[in-house]
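Undergrad: Could you look at this predicted model? Sequence included:
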Amino acid sequence: MNSAIRRLAVAAIVLMLALMANSTYLQAFRADDLNGRNDNRRVRDSQFSVDRGPILVGSTPIAESKESNDQFEFQRTYRVGPQYAPVTGFYSYLYGRAGLELTQNSELNGSDPSLAFRRVVDVITNRRQQGASVSLTLNAKAQLAAYSAMGNKKGAVVAIEPKTGKVLAMVSTPSYDPNQLASHDLDKVGTTWKKLLEDPNKPMSNRAIRELYPPGSTFKLVTAAAALSSGRYTPETKVRSPAELELPQTTTPLKNENLQNCGGSDNATLTVALRLSCNTAFGSVGLDLGADALREQAEKFGFGEKLLPELGAVASQFPADPNAPQVAQSAIGQFDVQSTPLQMAMVAAGIANGGDVMKPYLVQNVKTADLKTVSETKPESLHQAVTPEVASQLTQMMIDVVNNGTGKPGRIDGVQVAGKTGTAQTSPDRPPFAWFTAFAPANDPQIAVAVMIEDANVPRTDIAGGTLAAPIAKKVIQAVLGQ
């Protein structure tokens, strides 16, 4: 054999080995990734022939698959689609999956390793493969109340059960109809997709957990928690609260919204400062405590952590290295403090639960088609944000806010509500964000809720957390309490 033939033979062997290695790599390490690609048409056709499991709220399917009479065997449908769209997401032939349809895909289509035994049984009994059902923690009445109350406002609502971390409601408006993206009329799907992407109101954005906003005065709960936890403050400690607070390193003062001192005093108590939401008072506290104390307290409530993996919530943020004036601004929820509505609901829920912040969760359990439980979520503590004593002090201060202060629109007859308003300034060319976070009943909390209004299409002078957001929170609370 001459050298040319030997070289050719060696090259052929190398190529064969490389082909075998690549094939082995694809099968062993890339199979799931390739099967999950939205442009893998063979896989898409196969998956559309699977009886995908339902997504349930209580015993009611809010997403389910029904037999179809077209080129695909099943049609994914969404009951009251826009109301639950931020949670369910969509299942589309052209555009893949989003929301729970994405993160719970392997359970819903029956391919998850936990369902292997079920698949074997289906093969042996010659039954069609069926996906598992995914049951949610949502309260249908709370979800409906939140969605209806938001109306044409742009914003979000999140409600949590304080003792467990169960998400009771999650609404983002404006929303969209996932049925239009799940349709088998692919031309219409493409047109709908283009319109949704071009809509400046971003209806497919989940504002409840995927967008960050300045929390404004609702963050004063975090500042108050840090103050009380420091041991240097009590609810009756007097703090500087003039109409304008001079700040170091700048000639620009921090001002109260009404340009007056706090309740007629330049030295109001911490309780009065929270009741009236005095910026200068909490700016003073922030300067006294410092950035590290505020950041540590925020992190104990969940800031900096990516939560709710079912939907991939983004982490709320406290600024990394603010200077003194920026610390004062941060203490009132401005400067670079950024939060999701979920996070501010967690702040209220943590206070309601004696300072114990529970890890939020949305998926209650996963069950096979014959109702055998595959997995079930158990409540889990995330952090002890404050002591029970401090939580009790904050609760009384928040009750005072609702009974006597800026949170009066959140009052409910016969129910003690603890809450905090917020109006977060952004830029002169856009309206402020209106916030309200609360829990009730204050003596036995069943629900904590946060409402954020990004745009209510009202005059700028009419925007306030108490007037816009508190009435919505009130309706959600009433729905959960059966009022």
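TA: Sure, I can see it.
Undergrad: what about the stretch 51-200 of the chain, any weak spots by pLDDT?
TA: Along the stretch 51-200 of the chain, the parts satisfying pLDDT under 70 run over 115-129.
Undergrad: Try it again at 50.
TA: Confidence mapping of the stretch 51-200 of the chain against pLDDT under 50 gives zero matching residues.
Undergrad: can you give me the strands in it?
TA: Secondary structure of the stretch 51-200 of the chain (DSSP state E, counting those that start in this stretch): strands located at 55-57, 60-67, 74-78, 91-92, 96-97, 133-136, 154-160, 167-173.
Undergrad: where's the most centrally placed residue in the chain relative to residue 202, distance?
TA: Centroid-nearest residue in the chain: residue 209, 2.8 Å away (criterion: CA atoms, centre = their mean). Remark: distance between residue 209 and residue 202 (CB to CB, to the nearest Å) = 14 Å. All C-beta spots, glycine's among them, are computed from the backbone N, C-alpha and C.
Undergrad: Show me what residue 376 bridges to in the sheet.
TA: Going by DSSP bridges, residue 376 is paired in beta bridges with residue 365.
Undergrad: could you measure it against residue 367, distance?
TA: For residue 376, the distance to residue 367 equals 9 Å [CB to CB].
Undergrad: One more: residue 148?
TA: Relative to residue 367, and taking CB to CB, residue 148 is found at 30 Å.
Undergrad: Residue 71: neighbour count?
TA: Per other CB atoms under 10 Å, the neighbour tally for residue 71 reads 9.
Undergrad: higher neighbour count, residue 148 and residue 367?
TA: Of the pair residue 148 and residue 367, residue 367 is the one with more neighbours under other CB under 10 Å, namely 19 against 14.
Undergrad: Contact partners for the more buried one?
TA: Counting by CB atoms under 8 Å, 6 or more residues apart in numbering, residue 367 touches 132-133, 135, 373-374.
Undergrad: Okay, and residue 393 sits in which element?
TA: Using DSSP states H and E, residue 393 maps to helix 388-404.
Undergrad: Same question for residue 476.
TA: Under the criterion of DSSP H and E, residue 476 resides in helix 470-481.
Undergrad: List the buried residues of that helix.
TA: Buried residues in helix 470-481, counted by 16 or more other CB atoms under 10 Å: 470, 472-481.
Undergrad: I'd like the residues you listed as JSON lines, with pLDDT and distance to residue 174 appended.
TA: Output for the buried residues of helix 470-481, formatted as JSON lines (pLDDT from 0 to 100; distance: CB to CB, whole Å):
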{"residue": "470", "pLDDT": "96", "distance to residue 174": "21"}
{"residue": "472", "pLDDT": "97", "distance to residue 174": "15"}
{"residue": "473", "pLDDT": "98", "distance to residue 174": "20"}
{"residue": "474", "pLDDT": "98", "distance to residue 174": "22"}
{"residue": "475", "pLDDT": "98", "distance to residue 174": "19"}
{"residue": "476", "pLDDT": "98", "distance to residue 174": "18"}
{"residue": "477", "pLDDT": "98", "distance to residue 174": "24"}
{"residue": "478", "pLDDT": "98", "distance to residue 174": "24"}
{"residue": "479", "pLDDT": "98", "distance to residue 174": "21"}
{"residue": "480", "pLDDT": "98", "distance to residue 174": "24"}
{"residue": "481", "pLDDT": "97", "distance to residue 174": "28"}
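Undergrad: between these, which is closest to residue 114?
TA: Distance to residue 114, by CB to CB, is smallest for residue 480 among the buried residues of helix 470-481, at 31.8 Å.
Undergrad: State the distance from the closest one to residue 448.
TA: 10 Å.
Undergrad: if we can go back for a sec, and the next helix or strand after the helix holding residue 393, which strands flank it?
TA: Next in sequence after helix 388-404, counting helices and strands by DSSP H and E, comes strand 418-424. Strand 418-424 has its sheet partners listed here by DSSP bridges as strand 433-440 (antiparallel).
Undergrad: Pull the distance from the partner strand to the chain's centre.
TA: Mean-position distance between strand 433-440 and its chain equals 14 Å (CA atoms, centre = their mean, to the nearest Å).
Undergrad: Mind listing the strands the helix or strand just after it pairs with, and their directions?
TA: Downstream of strand 433-440, the first helix or strand assigned by DSSP H and E is strand 447-455. Strand 447-455 sits in its sheet next to strand 154-160 (antiparallel), strand 433-440 (antiparallel), going by DSSP bridges.
Undergrad: quick one: common contacting residues for residue 480 and residue 448?
TA: residue 159.
Undergrad: Only the buried subset of the contacts of residue 367, as a ChimeraX command please.
TA: Restricted to buried positions by 16+ other CB under 10 Å, the ChimeraX selection for these reads:
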select :132,133,135,374
